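Colleague: Predicted coordinates and the sequence they were generated for:
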Amino acid sequence: MMRSATHWLCLLAQRSTWERLGDRFSGDNAKLNASDVLLIVGGAAVFVLVIALLHRYAGSSPGRRAGNSPRRLFRELCRAHRLGQSHRRLLKRLAALRELPNAAVLFVEPAWFEAGDLPAELAGHEGELERIRERLFAAAKKPGGNP
């Protein structure tokens, strides 16, 4: 350890070497010419290209999907609420008959499940839709539930 400290002190003692380090940045050497500018612009372009490619590659990985997808949102909400395939089909049908642009709206607005306002095509499914509504909005009805 002592020996390496001595070497560093010897290097620092050579002042003439340290004094000349700044010579490249003063006088005529401080001016930029066209080749320097092209080198800087080219380096920046390569850097931006590498970042863009990395961003694109990371966005296309299977674990992470970019963009909004109403179908994927609906599927994830159904999975989060543990709704089976028959309930999913019934909710999709309800959304289509109500002419909703996004079936995921059914998860935030309980009014779409009102039995008196159901489309005639779903007349035989009032009970099942009521059970789904209870499952989705039961926490909102409880006094300690999240609104």
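Modeller: Yes, it's here.

Colleague: rest of the way, CA atoms for contacts and neighbours
Modeller: Noted.

Colleague: Can you give me the pLDDT of residue 122?
Modeller: Reported pLDDT at residue 122 in the predicted model: 85.

Colleague: does it count as helix, strand or coil?
Modeller: Secondary structure, DSSP: H, G, I helix; E, B strand; the rest coil: residue 122 is helix.

Colleague: That one: what's it in contact with?
Modeller: Under the criterion of CA atoms under 8 Å, 6 or more residues apart in numbering, the contact list for residue 122 reads residue 94.

Colleague: Tell me which helix or strand residue 92 sits in.
Modeller: If you go by DSSP states H and E, residue 92 is part of helix 85-97.

Colleague: can you map out the helices along the chain?
Modeller: Secondary structure of the chain (DSSP state H): helices located at 2-13, 15-19, 34-59, 70-80, 85-97, 126-141.

Colleague: Give the buried residues for stretch 96-115.
Modeller: Neighbour counts over stretch 96-115 (16 or more other CA atoms under 10 Å) mark 103, 104, 106, 107, 112, 113 as buried.

Colleague: Isn't the last one up against residue 131?
Modeller: No: if you go by CA atoms under 8 Å, residue 113 and residue 131 don't touch, sitting 9.9 Å apart.

Colleague: Tell me, what's the model's pLDDT at residue 131?
Modeller: 90.

Colleague: looking at this structure, which helix or strand does the model trust least?
Modeller: helix 15-19 (a mean of 63; mean pLDDT, DSSP states H and E).

Colleague: on that earlier part again, buried residues in the helix holding residue 92?
Modeller: In helix 85-97, counting by 16+ other CA under 10 Å, buried: 88, 90, 91, 92, 94, 95.

Colleague: For the second one, which residues are in contact?
Modeller: Spelled out, that is residue 90. residue 129.

Colleague: can you tell me how far it sits from residue 34?
Modeller: 68 Å (CA to CA, to the nearest Å).
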